[in-house]
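A.B. asks: Next one to model:
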Amino acid sequence: MSRACLDRFLVSPCWLDQFSRVSQRRLPRPISDHFPVLLEGGSWRRGPAPFRFENMWFKVEGFKELIWSWWQGIEVRGSASFRLSAKLKDLKQKLKVWNREEFGNLESNKEAAIQQVEYWDRVEDERSLSMEELACKKEAKEVYAKWVDLEETHWRQASRELWLKAGDRNTRYFHSMASAHRRVNHMDRIKINGIKLTEEWEIREGVANAFKQQFSESPGWKADIGSLPFNQICVQEAEMLEAPFSEGEVQSALMELNGDKAPGPDGFSVFFWQCY
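C.D. replies: Next up, the predicted model:
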């Protein structure tokens, strides 16, 4: 007797690139000995997109100076930590507006650039180009190359594939890995305390409540370890462990991190902190 795995879809990497937001789930099998598999397409359910600092912005001419001028123009009073948090929040809003009004959509800009290159190719097929037209064609190619480079930087950061260097035309690979991570991280159902949750708001509240219960302190009995014998460190060692970090130690640790690692809750990447 032979066994075969039939309850699955067969897809190619090209198909997954084209339809990166599909998901599949297994249905019940009340009659057949095979599980029906449902392939669902369309957009995934999600809330508002969180802010994510794009490292590709640093490749835009004058971007570093723009950030510096914004930062200097934000006046906030209070403690150091409050000023930092408030200025980052204000900077985040400025970046959103700049990205929407000045930078634009990456894919649309790349498409417009390649259309300009195609235009000059068609003109050159019909007649010889003048010196001014040749300069325009060269500029169009340079603009297209710029958007391709920015696209690769974007997808490398989204893919989290930190072992592979950018610049070797790995955009397709980065895009595939980012899509794969998105599919793996997608959660369309969850079971908490034996109860299956399928609605988006149920999943969100269920996960939040589960962690609140996990990390809340119980008012009941607590273990007492005061009378147990433990080896102790000397006073000098204790003072060394409690000594504050120096600015040089913090900066050295920061510079050793990979700039494309996942950002923190504020959305600013490691590369942002390294540059500023």
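
A.B. asks: pLDDT weak spots in the stretch 101-250 of the chain?
C.D. replies: Counting by pLDDT under 70, the stretch 101-250 of the chain contains low-confidence ranges at 158-186.

A.B. asks: Next, the buried residues of the helix or strand encompassing Gln157.
C.D. replies: With elements delineated by DSSP states H and E, Gln157 resides in helix 131-159, which encompasses its position. Buried residues in helix 131-159, counting neighbours by 16 or more other Cβ atoms under 10 Å, are found at 136-137, 140, 143-144, 146-147, 150-159. For the C-beta atoms, the positions are set from N, CA and C on the backbone; glycine is no exception.

A.B. asks: any idea whether the residue in the chain sticking out farthest from the centre is helix, strand or coil?
C.D. replies: Seen from the C-alpha centroid of the chain, the residue lying at the greatest distance (Cα atoms, centre = their mean) is Ser227, 48.8 Å away. Following DSSP: H, G, I helix; E, B strand; the rest coil, Ser227 is assigned to coil.

A.B. asks: For it, grab phi and psi.
C.D. replies: Torsion angles at Ser227 (phi, psi; degrees, to the nearest 10) stand at phi -90, psi 0.

A.B. asks: And Lys196, by the same measure?
C.D. replies: The phi and psi values for Lys196, taken as degrees, to the nearest 10, are phi -90, psi 130.

A.B. asks: what's the burial count for the nearest residue to it once chain neighbours are set aside?
C.D. replies: The shortest distance from Lys196 to any non-neighbouring residue, by Cβ to Cβ, 6 or more residues apart in numbering, is to Arg189 (6.2 Å). Residues lying near Arg189 (other Cβ atoms under 10 Å) number 11.

A.B. asks: got it, and the one 3 residues further on?
C.D. replies: By other Cβ under 10 Å, 13 other residues sit near Ile192.

A.B. asks: The residue lying closest to it once chain neighbours are set aside: neighbouring residues, count only.
C.D. replies: Leaving aside its sequence neighbours, Ile192 sits nearest to Gly206 (Cβ to Cβ, 6+ apart; 4.8 Å). Counted by other Cβ under 10 Å, the residues lying close to Gly206 total 18.

A.B. asks: go on, the one 3 residues further on?
C.D. replies: Asn209 is surrounded by 11 other residues when neighbours are defined as other Cβ under 10 Å.

A.B. asks: which SSE is it in?
C.D. replies: With secondary structure defined by DSSP H and E, Asn209 is part of helix 200-215.

A.B. asks: which helices and strands sit right next to that helix?
C.D. replies: strand 190-192, strand 195-197 (3 or more Cβ pairs under 8 Å, 6 or more residues apart in numbering; DSSP states H and E).
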